[in-house]
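Asker: 3D model of this:
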Amino acid sequence: MDMEFRHLRSFLAIADELHFGRAAAKLHLTQPSLSQQLQRLERALGVELVTRTSHVVRLTPAGEAFEVQARTIVAQLATAERTAREAAAGRAGTVNLGYNFFAGRHILPATLAKLADDYPDVTVEPRELRTGPQLAALADGTLDVALVYGQPATARFASRRLLRVPMVAVVGREHRWAGRPGVPFAELAHQPCMLFDRAQCPAMYDEILGSARRSGIALTVARSVDDPSATAFVVSVKPLVAFASASYGLGASALGARVVAVRLYDPVPMIDLYAVWRVEERNPLVAAFLDSMASAGPFRAPGVT
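Answerer: Residues are numbered from 1 along each chain as shown. Below you'll find the model as predicted:
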């Protein structure tokens, strides 16, 4: 198959712009040259990828299917190029890091300080995300390392358990639980609760429902909110009970001003925090980050003695 990388880039420019003139300008090509590259790609594949009239440019069904795979190939090549450059530099380059609220407060400060001492030319590009989005970004190569709740059940990822984290209830300051130092988990049977979609953080979701089962109760889920910051705002004005890590709950008053954390017990819901990376990792700086994290630990969660 006589297909070149530049043909993929030309096709993706057409898919982005749906206009040959703009796509050619984007690639600094002439329109005839762009058209020739598309024709060569279509001949190599044996299918028509793009249809056009004097007014409209569209992808064919084959073109739409090919676009998905072409973007993956281009992204993988970009990753390979970046990795080669960073490997050639030895100890310089970038680690794209995902983390959650807890890791941002209790793992990253010491880890990044250690990394800066040992690898001063390494740059960390951090993104705060829930577990599900982090793992998706790790799988597609957007992230190099993810700090998430729960151990992923896939052979594609390697992981290292960092510590156990207790969970708390989060309620508004007007809620009748607000002045209590702790609440048995079973009392949630009588409270409307707020959860999130399981795909956002499977480990936390499963631990909440598992604690309910161990308590012999069923939770009443009155509302679902996926944005952690929005959770604080909703419970500050609604008589709902939300759930968060102890660290997030202890900082909730700073985030929402009108919410408080209430300790849960009998049982105390617990989740594990993991560092996760791809098994077939080619960015040599991932090892540098993991080594710095190991040197900065062991870490300790608030509320755990």
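
Asker: flag every buried residue along stretch 65-74.
Answerer: 66, 67, 70 (16 or more other CB atoms under 10 Å). The C-beta positions use only the backbone N, C-alpha and C, and glycine is treated the same way.

Asker: again, but for stretch 157-170
Answerer: 157, 158, 159, 162, 163, 165, 166, 167, 168, 169, 170.

Asker: now pLDDT too, for the residues you listed, in CSV please.
Answerer: Listed next are the buried residues of stretch 157-170 as CSV, based on pLDDT from 0 to 100:
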residue, pLDDT
157, 95
158, 95
159, 96
162, 96
163, 93
165, 93
166, 94
167, 94
168, 94
169, 94
170, 93
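
Asker: ok, which pair from the residues you listed is furthest apart?
Answerer: 158 and 169 (33.7 Å; CB to CB).

Asker: what's the first-to-last distance across stretch 54-63?
Answerer: 19 Å (CA to CA, to the nearest Å).

Asker: check stretch 135-147 too.
Answerer: Length of stretch 135-147, first residue to last, CA to CA: 9 Å.

Asker: from now on call the first residue 26
Answerer: From this message on, residue numbering opens at 26, which makes the last subject stretch 160-172.

Asker: quick one: average confidence on that stretch?
Answerer: Stretch 160-172 shows a mean pLDDT of 95.

Asker: which residues are contacting it?
Answerer: The contact list for stretch 160-172 (CB atoms under 8 Å, 6 or more residues apart in numbering) reads 97, 100-101, 104, 120-125, 128, 132-133, 152, 154, 156, 159, 173, 177, 181-182, 187, 298-303, 306, 308, 310-311, 314-315.

Asker: what comes up buried for that stretch?
Answerer: Buried, per 16+ other CB under 10 Å, within stretch 160-172: 160, 162, 163, 166, 168, 169, 170, 171, 172.

Asker: show me where pLDDT drops low in this structure?
Answerer: 26-27, 108-116, 273-282, 328-330 (pLDDT under 70).

Asker: can I see the domain layout of it?
Answerer: The chain is divided into the following domains under automatic domain parsing: 30-112, 117-187+305-321, 189-296.

Asker: nearest to residue 327, of the ones you listed?
Answerer: domain 189-296 (5.0 Å).

Asker: for that closest one, measure first residue to last.
Answerer: 6 Å.

Asker: geometric centre of this protein: which residue is closest?
Answerer: Centroid check for the chain by CA atoms, centre = their mean gives residue 159 as the closest residue, at 1.8 Å.

Asker: in the stretch 126-275 of the chain, which spans are helices?
Answerer: All helices of the stretch 126-275 of the chain, identified by DSSP state H, counting those that start in this stretch, fall at 126-131, 133-143, 156-164, 227-239, 253-262, 271-275.

Asker: quick one, which of those gets closest to residue 67.
Answerer: helix 156-164 (30.1 Å).

Asker: thinking again about what came up before, let's see which of the contacts of stretch 160-172 end up in strands.
Answerer: Those of the contacts of stretch 160-172 mapping onto strands are 120-124, 152, 173, 182, 187, 298-303, per DSSP state E.

Asker: that older thread, out of the buried residues of stretch 160-172, which one sits closest to residue 53?
Answerer: residue 166 (26.4 Å).

Asker: how much space between that closest one and residue 99?
Answerer: In this view, residue 166 and residue 99 are 11 Å apart by CB to CB, to the nearest Å.

Asker: follow-up on the earlier one: check contacts around the residue nearest to the centre of the chain.
Answerer: Contacts of residue 159 (CB under 8 Å, 6+ apart): 123, 124, 125, 168, 171, 172, 173, 301.

Asker: brilliant, that's me finished.
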